[in-house]
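Engineer: build me a structure from this.
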Amino acid sequence: MKGIVLTEFAALGLSERILHSLEASGFKQPTPIQAAAIPAVLEGHDLMGLAQTGTGKTAAFGLPLIEKLLANPQHPFPKSTRALILAPTRELANQITASLKSFVKRSRLQIATVVGGQSINNQIRDLHAGKDILVATPGRLIDLMERKAIILAQTHFLVLDEADQMLDLGFIHSLKQIAKALPKERQTLLFSATMPSEIEGLARTYLTDPVRVEVTPPGKAADKIEQSVHFVSQRAKVDLLKQHLGERKEDLSLVFARTKHGAEKLMKHLVANGFSAASIHGNKSQGQRDRAIREFKSGDIRILVATDVAARGIDIPGVSHVYNFDLPQVPESYVHRIGRTARAGAEGRAVTYCAEDETKMLRDIEKLTGISIAVAGGEHPGFSAGTRKDGGGRGGNRGSGGGRPQGQPGEARKSDNQNRKRPHRGKRPQGQPGEKAAAGAGERPSSRPKWRRNRKSRAA
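Structural biologist: Below is the predicted model of the structure:
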């Protein structure tokens, strides 16, 4: 698909009905992934689409999918769906549904969403008459399949959105179960922002002779995102974050924490210090998560603290700053995190706080993205740009001597420690402590005390 240049939606083969919907929604020109993917999907090809987050992948598969469904006005069978779209998170599923509904306002196509955290009985009733498009998370779809509430034998279109994230969240077994229930004769579209080796295997399993569309290198962050890192201790992160947030109180800021407990604790601390903040993570109900995103999008709250579970479901053009309070353990998650800013062609900033034990994670991120993130504050011995070393230490990043310059006070302290006698940790000698201990010192077969010889075994 390389070399194709299409500058208007009218040139992509979309019908007048779809073009009117796009015009009403404010769409003027297709993004590169849309210009490359839409014609291929309309021609009936299976497709693997690789593009960084925030480039319009939903319209890239949604518009041609709607076009093909409108061209065949068959009513869906009861408890069935003509097209299935799988997404890894509730937030992303809801976001996809909202986008698709804006494209079908002038049609009779029925779109439904089934995700966890909501009444499954209501979803069963909603699916009874059948749907044209079903957007689902894999876990809830499996629940509905086991209850015979949804039958996929008539589903001839399958879309796997953010496929790499579904693998990260452990959905591979659910995907295999879902695939067995689908007809073999179908059109499958797979979209992802990164391309780990597992995705290649997934593509070979699900896709038949697919067209590959790659508009940006996998793992590449948006060009308009200004990235920086502050080397700071874990304890000092909160104060630095409050300082940065305080300097930009009117901005919409998204803060990422590694754990659910950490995100909730950080949010409550910010609120207690006068910041307008909310949080979304796996311990929140679906209603709480939807309300937090709605208030963040409207500007009623200015700060949203989230875990990676929400990294793929927040599509808010107004987010100006993303703060990585904790670095992600999976480097691909960094790309998706910072992709929440600089959306729809806007500019954004990604600020990362790196503690000493997170430096290996930072190296992995830089290796994936192919850039050296600019240091905006703090210093890290042996880890400055261009001189970063591997070695011992908790984070696996310290140089010789843990990064301490030679000739510093650490050597003097080491000398003092060598002259100081260590207490005896073995069995206390019989009789007078000082007398027999001194007498027996020269009779030992080894020049080292017994407690020194056994130190490693005790430590283990």
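Engineer: and residue 278, helix, strand or coil?
Structural biologist: Secondary structure state of residue 278, per DSSP: H, G, I helix; E, B strand; the rest coil, is strand.
Engineer: what do you get for residue 141?
Structural biologist: Residue 141 ends up helix, using three-state DSSP.
Engineer: so what's the residue count around it?
Structural biologist: Neighbours of residue 141 under the rule other Cβ atoms under 10 Å: 25. To be clear about C-beta, it is placed using only N, CA and C from the backbone, and glycine gets the same treatment.
Engineer: quick one: the strands in the stretch 251-400 of the chain, in order.
Structural biologist: 252-256, 277-280, 303-306, 319-324, 348-354, 374-377 (DSSP state E, counting those that start in this stretch).
Engineer: nope, the stretch 51-200 of the chain is what I was after
Structural biologist: 81-86, 111-114, 131-136, 157-160, 187-192.
Engineer: the third one pairs with which strands?
Structural biologist: What that stands for is strand 131-136. strand 81-86 (parallel), strand 111-114 (parallel) (DSSP bridges).
Engineer: next: the last one.
Structural biologist: Sheet pairing here is set by DSSP bridges, and for strand 187-192 it gives strand 47-50 (parallel), strand 157-160 (parallel).
Engineer: using TSV, lay out the strands paired with strand 131-136 together with distance to residue 180 and mean pLDDT.
Structural biologist: Converted to TSV, the strands paired with strand 131-136 look like this (distance: least, Cβ to Cβ, whole Å; pLDDT from 0 to 100):
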stretch	distance to residue 180	mean pLDDT
strand 81-86	13	98
strand 111-114	19	97
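Engineer: what's the closest of these to residue 213?
Structural biologist: With Cβ to Cβ, the closest approach to residue 213 among the strands paired with strand 131-136 belongs to strand 81-86: 17.6 Å.
Engineer: residue 75 and residue 107, how far apart?
Structural biologist: From residue 75 across to residue 107, the span is 13 Å (Cβ to Cβ, to the nearest Å).
Engineer: ok, residue 51 next?
Structural biologist: Counting by Cβ to Cβ - residue 51 and residue 107 are separated by 27 Å.
Engineer: which of these two has more neighbours?
Structural biologist: Just comparing residue 51 and residue 107: by other Cβ under 10 Å the higher neighbour count belongs to residue 51, 24 against 15.
Engineer: from memory the more buried one sits against residue 32, does it?
Structural biologist: Yes. Look at residue 51 against residue 32 with Cβ atoms under 8 Å: they come within range, at 7.5 Å.
Engineer: who touches both of the two?
Structural biologist: By Cβ atoms under 8 Å, 6 or more residues apart in numbering, residue 51 and residue 32 have these common neighbours: residue 215.
Engineer: re the thing from before, tell me the most buried of the strands of the stretch 251-400 of the chain?
Structural biologist: strand 303-306 (a mean of 27; mean count of other Cβ atoms under 10 Å).
Engineer: direction included, what does that one pair up with?
Structural biologist: Strand 303-306 has these strand partners (DSSP bridges): strand 252-256 (parallel), strand 277-280 (parallel).
Engineer: for the first one, output the C-alpha coordinates as CSV.
Structural biologist: What follows is strand 252-256 as a C-alpha-only set of coordinates in CSV (Å, rounded to 0.1, in the frame of the first residue of the first chain):
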residue,chain,number,x,y,z
LEU,A,252,-5.6,18.8,31.5
SER,A,253,-3.0,16.5,32.9
LEU,A,254,-3.0,12.7,32.9
VAL,A,255,-0.9,11.0,35.5
PHE,A,256,0.1,7.3,35.2
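Engineer: quick check: angle from it to strand 319-324?
Structural biologist: Strand 252-256 runs at 20 degrees relative to strand 319-324, counting by axes from the mean of the first three to the mean of the last three Cα atoms, to 10 degrees.
Engineer: contacts for strand 252-256?
Structural biologist: 241, 245, 266, 296, 299, 302-308, 311, 314, 316, 318-326, 328, 337, 340-341.
Engineer: repeat the analysis, applying 6 Å as the threshold.
Structural biologist: 303-306, 318-325, 337, 340 (Cβ atoms under 6 Å, 6 or more residues apart in numbering).
Engineer: next: stretch 31-39.
Structural biologist: Against stretch 31-39 from outside (Cβ under 6 Å, 6+ apart): 1, 6, 12-13, 49, 51, 55-57, 59-60, 63-64, 213, 215.
Engineer: just the C-alpha atoms of that stretch, please, in CSV.
Structural biologist: Written as CSV, here are the backbone C-alpha positions of stretch 31-39 (Å, rounded to 0.1, in the frame of the first residue of the first chain):
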residue,chain,number,x,y,z
THR,A,31,-5.0,10.5,8.2
PRO,A,32,-2.3,8.3,6.7
ILE,A,33,-3.6,5.1,8.3
GLN,A,34,-7.1,5.9,7.1
ALA,A,35,-6.0,6.7,3.5
ALA,A,36,-4.1,3.4,3.3
ALA,A,37,-6.5,1.1,5.1
ILE,A,38,-9.9,2.1,3.9
PRO,A,39,-9.5,1.1,0.2
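Engineer: let's have the strands paired with strand 303-306 in CSV, adding distance to residue 154 and mean pLDDT.
Structural biologist: As requested, those are arranged in CSV below (distance: least, Cβ to Cβ, whole Å; pLDDT from 0 to 100):
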stretch, distance to residue 154, mean pLDDT
strand 252-256, 40, 95
strand 277-280, 35, 94
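Engineer: what's the closest of the ones you listed to residue 356?
Structural biologist: Per Cβ to Cβ, nearest to residue 356 of the strands paired with strand 303-306: strand 252-256, 19.2 Å.
Engineer: next one: that closest one to chain centre, how far?
Structural biologist: Distance, stretch centre to chain centre, for strand 252-256: 14 Å (Cα atoms, centre = their mean, to the nearest Å).
Engineer: tell me the angle that strand makes with strand 348-354.
Structural biologist: Going by the same axes, to 10 degrees, strand 252-256 makes 30 degrees with strand 348-354.
Engineer: just for the stretch 301-450 of the chain, where's the confidence low?
Structural biologist: Applying pLDDT under 70 to the stretch 301-450 of the chain flags residues 310-313, 344-345, 380-450.
Engineer: sorry, back to before: out of the strands paired with strand 303-306, which comes closest to residue 371?
Structural biologist: The closest of the strands paired with strand 303-306 to residue 371 is strand 252-256. By Cβ to Cβ, the value is 19.0 Å.
Engineer: just the pLDDT at residue 25, thanks.
Structural biologist: Per-residue pLDDT puts residue 25 at 80.
Engineer: hang on, it packs against residue 102?
Structural biologist: Yes. Residue 25 is within contact range of residue 102, at 5.0 Å (criterion: Cβ atoms under 6 Å).
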